[in-house]
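>>> Structure for this input, please:
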Amino acid sequence: MLIYAQNTESDVPLHTIDMEKARAEIEAIEVQFSEAYSAGDSLALANMYASDAQFGSLEGPEILAYWGRSIRNSIKNNTPKLTFTITSLNDQEEFLIEMGIFKKWNSQMEVVSEGRYMVIWKEENGEWKIYRDFGL
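Below is the predicted model of the structure:
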């Protein structure tokens with residue numbers, strides 16, 4: 001004899017995200033990211049990534065090395081400021097998908113380059129961390 005059971009809770013989301021709170025948290029993290037970049041703190045930048053993060057094709061210590069090189073280049077090229085503007089933020093179960101625009105600024109506060117990015121965020125130990133980071 002076979003017995004079948006139906007789970008009537010299958011349409012209930014496993015994890016709900018308070019998007020207003022999440023957006024405020026992501027915006028605050030991005031301010032910290034910009035400040036760490038301007039301060040030349042590549043370790044602080046790398047610590048904003050999840051333990052299993054990827055930045056393009058980079059992983060683990062390669063992310064730290066990338067940000068170290070980027071900071072050295074910003075000093076050489078006089079582009080000490082990096083800012084982010086969120087253009088959209090959506091939830092996908094336990095992840096947040098952010099689309100935005102980044103700008104690099106010189107010391108005279110002139111934009112010298114800009115581009116688009118996509119970041120996938122995930123919670124790790126109660127904090128939002130960068131899980132996937134892509135330039136577009």
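
>>> neighbours of A44, just the number please.
15 (other C-beta atoms under 10 Å). For every residue, glycine as well, the C-beta is placed using N, CA and C.

>>> Same check on S51?
Neighbours around S51, by other C-beta under 10 Å: 9.

>>> looking at the sheet around the residue lying closest to it once chain neighbours are set aside, what are its partners?
Leaving aside its sequence neighbours, S51 sits nearest to E124 (C-beta to C-beta, 6 or more residues apart in numbering; 6.6 Å). Counting by DSSP bridges, E124 forms beta bridges with E127.

>>> Need the pLDDT of E124.
As predicted, E124 sits at a pLDDT of 96.

>>> A5 too?
At A5, pLDDT is 44.

>>> quick check: longest helix of the chain.
Taking DSSP state H as the criterion, the chain has its longest helix at helix 19-39.

>>> residues in contact with that helix?
Helix 19-39 is contacted from outside by 44-45, 48, 67, 70-71, 74, 80-84, 86, 89, 91, 96, 98, 121, 128, using C-beta atoms under 8 Å, 6 or more residues apart in numbering.

>>> hmm, try it at 6 Å
Helix 19-39 is contacted by residues A44, L45, M48, P80, K81, L82, T83, F84, L89, L96, W128 when judged by C-beta atoms under 6 Å, 6 or more residues apart in numbering.

>>> what's the distance between the second one and E93?
With the distance defined as C-beta to C-beta, to the nearest Å, L45 ends up 27 Å from E93.

>>> Compare the two and say which one has the larger neighbour count.
Legend: neighbour count by other C-beta under 10 Å for L45 and E93, higher for L45 (25 against 9).

>>> And the strand or helix carrying L64, how far out from the chain middle?
Assigned by DSSP states H and E, L64 falls within helix 61-76. Relative to its parent chain, helix 61-76 has a centroid offset of 17 Å by C-alpha atoms, centre = their mean, to the nearest Å.
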